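Asker: give me a model of this one.
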Amino acid sequence: MKVILGLGNPGRNYEKTRHNVGWWVVDHLADVWHLGTWREDGQALVASGHVDGTPVRLVKPLTYMNLSGKVLIPYRKRPTWSAATDLLVVVDDVAIPVGTYRLRARGSAGGHNGLKSVEQELGTREYARLRIGIRPVNPERRIGDLADFVLSPFGSVEREEVLALLPRLTDAVTLWVREGIEAAMNAYNRTH
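Answerer: Numbers count the residues shown, from 1 in each chain. Take a look at the predicted model:
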């Protein structure tokens, strides 16, 4: 089973924040892939189905960002499941500009508390991630306190830039499901 973990925080007050971009993507995937309604499963909301015959589960942790990795414990215990090939984490990234993204096969948490939690629970950095840029393109726009920045909503122009990426991100994630992270990186990291 392929698991796509969208990082974010539960609650209406976080819905439109930069830190919830991972939830935006998995919500979009659930709609495009017609996976039906979200249901509660342990400490997460999940939507399950098949993409081109492959079982897929979308996961939105209900644990808040710094405990996101806890939702992976049941998958980690499955003998046929491997984080290196069966997990894609969708996450906001303040190091790259709004309107851009990067697929990676592995790497550090880069200071992101959600990725730190995933790494801690899995005991490895060997899992794919889709990093979606949230850094303002305007150099005069100051980030200030990072926690305040990621927990604040996008401006309307930035929000539209992120939403405009969704069809391309859907194609990239679909290719990851079919052929793995290397194929997805080769096809989608070249241009944004």
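Asker: any idea what the most centrally placed residue in the chain is bridged to?
Answerer: Geometric centre of the chain, nearest residue: V90, 1.2 Å, by Cα atoms, centre = their mean. Counting by DSSP bridges, V90 forms beta bridges with G6, L130.
Asker: also G49?
Answerer: V56.
Asker: and it, how far is that from V90?
Answerer: Using Cβ to Cβ, to the nearest Å, G49 is found at 17 Å from V90. Just so you know, the C-beta spots here come from the backbone N, C-alpha and C atoms, and that holds for glycine as well.
Asker: likewise for S156?
Answerer: The gap separating S156 from V90 is 22 Å, by Cβ to Cβ.
Asker: for the chain, what's the longest helix?
Answerer: The longest helix of the chain (DSSP state H) is helix 156-179.
Asker: let me see the ranges of the helices in the protein.
Answerer: Going by DSSP H, the chain shows helices at 21-32, 73-76, 83-86, 113-122, 146-150, 156-179, 181-188.
Asker: which strands and helices lie in contact with the last one?
Answerer: Helices and strands in packing contact with helix 181-188 are listed as strand 101-104, helix 156-179; criterion 3 or more Cβ pairs under 8 Å, 6 or more residues apart in numbering; DSSP states H and E.
Asker: buried stuff in the longest one?
Answerer: Right, helix 156-179. The neighbour-count check on helix 156-179 (16 or more other Cβ atoms under 10 Å) flags 158-159, 161-162, 165-166, 169-170, 172-177 as buried.
Asker: now do stretch 122-135
Answerer: L122, R125, Y127, A128, R129, L130, R131, I132, G133, I134, R135.
Asker: tell me the pLDDT at E140?
Answerer: The model reports E140 with a pLDDT of 63.
Asker: least trustworthy helix or strand in the protein by mean pLDDT?
Answerer: helix 146-150 (a mean of 70; mean pLDDT, DSSP states H and E).
Asker: where does the prediction get shaky in this protein?
Answerer: 138-142, 144-147, 190-192 (pLDDT under 70).
Asker: ok, which of the helices and strands packed on helix 181-188 comes nearest K77?
Answerer: Closest of these to K77 is helix 156-179, at 22.0 Å (criterion: Cβ to Cβ).
Asker: hmm, who's touching that closest one?
Answerer: 2, 4, 16, 21, 24-25, 28-29, 32, 51-52, 54, 56, 88, 90, 98-99, 101, 103, 128, 130, 132, 134, 136-137, 153-154, 183-184, 187-188, 192 (Cβ atoms under 8 Å, 6 or more residues apart in numbering).
Asker: nothing else from me, thank you.
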